[in-house]
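Enquirer: Make a model of this:
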Amino acid sequence: MVSLIHIILGIALVFSIYIFRRKRLRLPPGPSGIPLFGYLPWIDSERPYASLTNLARKYGPICGLRMGSVYTILLSDPQLVRQAFAKDAFAGRAPLYLTHGIMQGYGIICAEGDLWRDQRRFVAGCLKNFGMVKLPGTKRDRMEERILTAVSECISKLKDRATKDGIDPLETLHHCVGNLMNDLVFGKIYEEDDEVWKWLRHLQEEGVKHIGVAGPLNFLPLLRFVPRYGKVMASLIDGKLKTHQIYQTFIDEHRARFEKTNNILAAFDDVMRSNANNPGYFTQPQCYHLLADLFGAGTDTTLTTLRWFLLFMATHPVEQKKIHDEMNELLGQKPPSLEDRFVLIRLEAAIAETQRLRSVTPLGIPHGTMENTQIGDYDVPKGTMVIPLQWAIHTDPLYWHDPLSFKIERFIAEDGSLAKPKAFLPFQTGKRMCIGDEFAKMILFLFAARILRSFVISVPPGAHMDLEGECGITLIPKPHRLVFTLRE
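Expert: Numbers count the residues shown, from 1 in each chain. Just a heads-up that it's a prediction; the model follows:
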């Protein structure tokens, strides 16, 4: 058996080769690291986006460093991100151990090459067929009804649970947003106290905490032999296997119903069964991982943005009142609907400012290079992790005046329309841009509009709101309480 010393010597040799290659290649400027660990020891584990942003400010918009075994390039200029991510060479996924080791290249988040292209086309077609379209019509109306069912349940629960001392809205929001994704992905809707649903919610919350882009296990796979990290790894793998068993029960239920339903699971299973002799990419493992990706990514990012939005509304009551006054003036007594997105400019601007100031994925979603390529004048080796550093871009004073302040006016043009600044990349850009961006915009608008139409949201008396957040896969608010006062 190969000893740990031999493994460490091997990694040291790889690091030496990297140093040698760096001299031959024209790599971007960046900090020096140490053998085996690279720059990891200097990255703040609680605020990795801040550490990397400091590097970007120091070394420039293209910064190179080694994180453990992975050579990494930070992009902190929006134009560079657009240029790079428009190329096929940058359409891979970063070689992170947790994602690649657990997902094994299945699904859509970690998939690459032909599998990724095939499955992206499939998912995009499903979402469009279900009603994820910008223009009004029968399909979009059905999608809006789906979302409003979840919104109505959310408002009803907030009414029942509201107290003068405030409540933490997380459980309510997680159930309602998550159930909307359950319906879309699985064709399944749960009662809030269902034991399976409670376990799935808990599993998702734990996964978000443990699978961070800057987590050391991603870059030093040897750490899985350390008890602390080994337990995390075992927990994640066990959770994945149990989740797949639950998904199989959903598939069995779908097959037993013999009816056509509008959800991803049904669409995938129909293709998988009709091509049983030549399944291509429509296989059982791919099905499980694709469902998990779509549910997890769709729920977590939208839920987190909505939580931050309500928190900023509570801490900025003047802005909240302006938004409500706009709704009263333009809608009268009519409840907000998707057709009002183009007139409720202050609300849309407030959502955008929330996405800017608290980027849900402050490190972006890292890409990986599929071949040797270039960014600007610099060489980028195959297998490089490329991070579109959203936090740096969204808080760069070059693009945003007083960037750490919540200012809705940034997204309102002089003519009163919604502004679209070039440094605003909430759903990233390029070939791997978020596939459900329009669906997310629908959900955020309808939840935000109808909750603000129903309640005045405020901070409990004497409470201090911590707006820093906790960073895992996403940057989530710390536990907090908000007062939901029913409007007359």
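Enquirer: From now on I want contacts and neighbour counts done on CA atoms only, so please keep to that.
Expert: Will do.
Enquirer: which element is the residue most central in space within the chain on?
Expert: Most central in the chain under Cα atoms, centre = their mean is residue 301, positioned 4.1 Å from the mean C-alpha point. Counting by DSSP states H and E, the element that carries residue 301 is helix 284-315.
Enquirer: name the helices or strands packed onto whichever helix or strand comes after that helix?
Expert: Counting by DSSP H and E, the next helix or strand C-terminal to helix 284-315 is helix 317-331. Identification of packing neighbours for helix 317-331 by 3 or more Cα pairs under 8 Å, 6 or more residues apart in numbering; DSSP states H and E yields helix 284-315, helix 345-357, helix 437-454.
Enquirer: List the buried residues for helix 317-331?
Expert: With burial defined by 16 or more other Cα atoms under 10 Å, the residues of helix 317-331 counted as buried are 319, 320, 323, 324, 326, 327.
Enquirer: shouldn't the first one be in contact with residue 310?
Expert: No - between residue 319 and residue 310 there is no contact, the gap being 11.7 Å when judged by Cα atoms under 8 Å.
Enquirer: Mean confidence (pLDDT) on the helix holding residue 301, please.
Expert: The average of the pLDDT scores along helix 284-315 is 96.
Enquirer: Just want the angle from it to helix 345-357.
Expert: Interaxial angle of helix 284-315 relative to helix 345-357 (axes from the mean of the first three to the mean of the last three Cα atoms, to 10 degrees): 110 degrees.
Enquirer: Now do helix 284-315 and helix 437-454, the angle between them.
Expert: Using the same axes, to 10 degrees, the direction of helix 284-315 lies 30 degrees away from that of helix 437-454.
Enquirer: quick one: buried residues of helix 284-315?
Expert: By neighbour count on 16+ other Cα under 10 Å, the buried set for helix 284-315 is 286-315.
Enquirer: chain center to it: distance?
Expert: Counting by Cα atoms, centre = their mean, to the nearest Å, helix 284-315 is centred 6 Å from the centre of its parent chain.
Enquirer: What of stretch 424-436?
Expert: Computed by Cα atoms, centre = their mean, the chain-centroid distance of stretch 424-436 equals 10 Å.
Enquirer: Show me which residues of it are buried.
Expert: For stretch 424-436, the neighbour count (16+ other Cα under 10 Å) marks 424, 425, 426, 427, 428, 429, 430, 431, 432, 434, 435, 436 as buried.
Enquirer: Identify the residue spatially nearest to the fifth one, adjacent ones excluded.
Expert: Setting aside the residues directly before and after it, residue 428 is nearest to residue 434 in space (Cα to Cα, 6 or more residues apart in numbering), at 6.7 Å.
Enquirer: Tell me the spacing between that neighbour and residue 305.
Expert: 15 Å (Cα to Cα, to the nearest Å).
Enquirer: Equivalent analysis for residue 323, please.
Expert: Counting by Cα to Cα, the gap from residue 323 to residue 305 is 18 Å.
Enquirer: Residue 227 now?
Expert: Using Cα to Cα, residue 227 is found at 34 Å from residue 305.
Enquirer: show me where pLDDT drops low in the stretch 101-250 of the chain?
Expert: For the stretch 101-250 of the chain, applying pLDDT under 70 flags the ranges 208-214.
Enquirer: let's see it at 50
Expert: Scanning the stretch 101-250 of the chain for pLDDT under 50 picks out 213-214.
Enquirer: Now do the contacts for residue 188.
Expert: For residue 188, the contact set (Cα atoms under 8 Å, 6 or more residues apart in numbering) comprises 179, 182, 250.
Enquirer: Weed out the non-buried ones from these.
Expert: By neighbour count, with 16+ other Cα under 10 Å, these hold 179, 182, 250 as buried.
Enquirer: Please, which helix or strand holds the second one?
Expert: Under DSSP H and E, the secondary-structure element containing residue 182 is helix 170-186.
Enquirer: now the very next helix or strand once past that helix against helix 284-315, angle please.
Expert: As assigned by DSSP H and E, the chain's next helix or strand after helix 170-186 is helix 195-210. Computed by the same axes, to 10 degrees, the angle separating helix 195-210 from helix 284-315 equals 80 degrees.
Enquirer: okay, the buried residues of stretch 424-436 in CSV with distance to residue 145 next?
Expert: Formatted as CSV, the buried residues of stretch 424-436 follow (distance: Cα to Cα, whole Å):
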residue, distance to residue 145
424, 30
425, 28
426, 25
427, 24
428, 28
429, 29
430, 30
431, 30
432, 29
434, 23
435, 21
436, 18
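Enquirer: Residue 147: which of those is nearest?
Expert: Ranked by distance to residue 147 (Cα to Cα), these are led by residue 436 at 14.1 Å.
Enquirer: Show the residue spans covered by the helices in the stretch 1-150 of the chain.
Expert: Per DSSP state H, counting those that start in this stretch, the stretch 1-150 of the chain carries helices over the ranges 4-24, 48-59, 78-85, 97-103, 113-130, 138-161.
Enquirer: Kindly report the same for the stretch 351-488 of the chain.
Expert: Under DSSP H, counting those that start in this stretch, the stretch 351-488 of the chain gives helices at 390-394, 437-454.
Enquirer: related to what we said a few turns ago, quick check: of the buried ones among the contacts of residue 188, which lies closest to residue 373?
Expert: Looking across the buried ones among the contacts of residue 188 and measuring by Cα to Cα, the closest to residue 373 is residue 182, at 40.0 Å.
Enquirer: Quick check: the closest one touching residue 189?
Expert: Yes - assessed by Cα under 8 Å, residue 182 is found in contact with residue 189 at 6.0 Å.
Enquirer: Next, the buried residues of stretch 218-226.
Expert: Neighbour counts over stretch 218-226 (16+ other Cα under 10 Å) mark 218, 219, 220, 221, 224 as buried.
Enquirer: mind listing which of those residues are in helices?
Expert: Judged by DSSP state H, these include 218, 219 as members of helices.
Enquirer: out of the buried residues of stretch 218-226, what pair is the most spread apart?
Expert: Taking Cα to Cα as the measure, those span a maximum distance of 10.9 Å, between 219 and 224.
Enquirer: Could you pull up the residues touching residue 83?
Expert: If a contact means Cα under 8 Å, 6+ apart, then residue 83 has no contacts.
Enquirer: quick one: it and residue 374, what's the gap?
Expert: From residue 83 to residue 374 the distance is 11 Å (Cα to Cα).
Enquirer: Same question for residue 354.
Expert: 33 Å.
Enquirer: Which of those two has more residues huddled nearby?
Expert: Set residue 354 next to residue 374 and count neighbours by other Cα atoms under 10 Å: residue 354 wins out with 25 against 16.
Enquirer: Kindly indicate which of the buried residues of helix 317-331 lies nearest residue 195.
Expert: Lowest distance from residue 195 to the buried residues of helix 317-331 (Cα to Cα) belongs to residue 320, with 36.6 Å.
Enquirer: so who does the nearest residue to the closest one once chain neighbours are set aside touch?
Expert: The shortest distance from residue 320 to any residue other than its chain neighbours is 5.4 Å, reached at residue 313 (Cα to Cα, 6+ apart). Contacts for residue 313 (Cα under 8 Å, 6+ apart) come out as 319, 320, 457, 458.
Enquirer: Can you mark which positions in stretch 385-397 are buried?
Expert: By 16+ other Cα under 10 Å, the buried positions in stretch 385-397 come out as 385, 386, 387, 388, 389, 390, 391, 392, 393, 394, 395, 396.
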